[in-house]
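**Q** I'll drop the sequence and a predicted model, then ask my questions.
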Amino acid sequence: MTQAAADIILLRGLIRSRFHWQDFPQQLQHAFPEHRILTPELAGNGERFQENTPASIRAMMLDIRQQVTLDQSQAKTKHPAVIIAVSMGAMIATEWAHHFPQEVQQLHLINTSAGQFSRPWQRMQAAAFLSLLPAITDKKRLEQKIIDWTINIQKDAQLTQRWQDFSQQHPLSLRNAVTQLLAASRYRGQSHAPINHCYFYHSQGDRLVNPNCTAAIAQHWNKPLERHGFAGHDLSMDDSPWLIDKLRENILSRSEVFS
């Protein structure tokens, strides 16, 4: 009997909830109908806003892993997962593959960075940092700034209103925002790829994180890098068809995903 296909796990970034994937999980499900799409929520963000965010990337990984492990246990899923992750989520995914390589079949890392390969002012560009920092205690203003800095194409008044409404209903605490910012800034990353099948994707139009940060990790790990010419940091929002096409090429190229 053939086993079900591997779970695909989606991990968002700094102070972002699974809500901010918008309809990307549904699009991904359509592209990969044999796979379960899982969207765990980091403590402190979104639906878990009343909890405290763990203080390190490794601790965040353990928090996320606990959710997924419980879900997989209930679903009797035993094979390694495919992780698609953006920004700080990609740091969490890297730690997962490093500490539990038997649980991760593939990493697909989007617009991310690591301290040992890039300078602090590359990992969050100075203009973006100086614009976002004063807004951190004003929920509506912060959401507007995040959209301005991370989305180049698919933004409008309706999107801004949806995100602002969500932030009012799921308020991010200053403590959790600072915890995530510090954890991401301190993250050094891994010198070598934690598993064999790692793929990178970056946006040349990223104004939040210098796109060379992702390229630097791909180069040091000697792994393939896909480049989008004009999208912003939130690649799945700006051009989800392009990203899904690239994911389809890379995921479907590995037959063991379906074994």
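**A** Noted; the coordinates are in hand.

**Q** Please work out which residues outside stretch 97-108 touch it.
**A** Contacting residues not belonging to stretch 97-108 are listed as 6, 58, 61, 65, 79-85, 90, 93-94, 96, 190, 194-195, 197-199, 201, 247, 250-251, 254, 256-257 [C-beta atoms under 8 Å, 6 or more residues apart in numbering]. Yep, even glycine has a C-beta here, placed from its N, CA and C like the rest.

**Q** helix or strand for the closest residue to residue 116 other than its chain neighbours, which one?
**A** Distance criterion C-beta to C-beta, 6 or more residues apart in numbering; nearest residue to residue 116, sequence neighbours excluded, is residue 188 at 4.7 Å. Counting by DSSP states H and E, no helix or strand carries residue 188.

**Q** Check what pLDDT the closest residue to residue 75 other than its chain neighbours gets.
**A** In this structure, residue 75 finds its nearest non-sequential neighbour in residue 36, 7.2 Å apart by C-beta to C-beta, 6+ apart. According to the prediction, residue 36 has pLDDT 94.

**Q** which residues does residue 36 contact?
**A** For residue 36, the contact set (C-beta under 8 Å, 6+ apart) comprises 4, 7-8, 75, 77.

**Q** Pull out the buried members of these.
**A** Using 16 or more other C-beta atoms under 10 Å as the burial test, these include 7-8, 77 as buried.

**Q** all strands for the protein, in order.
**A** Here the chain has its strands, by DSSP state E, at 8-11, 37-38, 81-86, 104-110, 198-203, 225-228.

**Q** Tell me which residues are up against the first one.
**A** Applying C-beta under 8 Å, 6+ apart, the external contacts of strand 8-11 come out as 18, 21, 24-25, 28, 32, 35-40, 64, 68, 81-86, 89-90, 92-93, 251.
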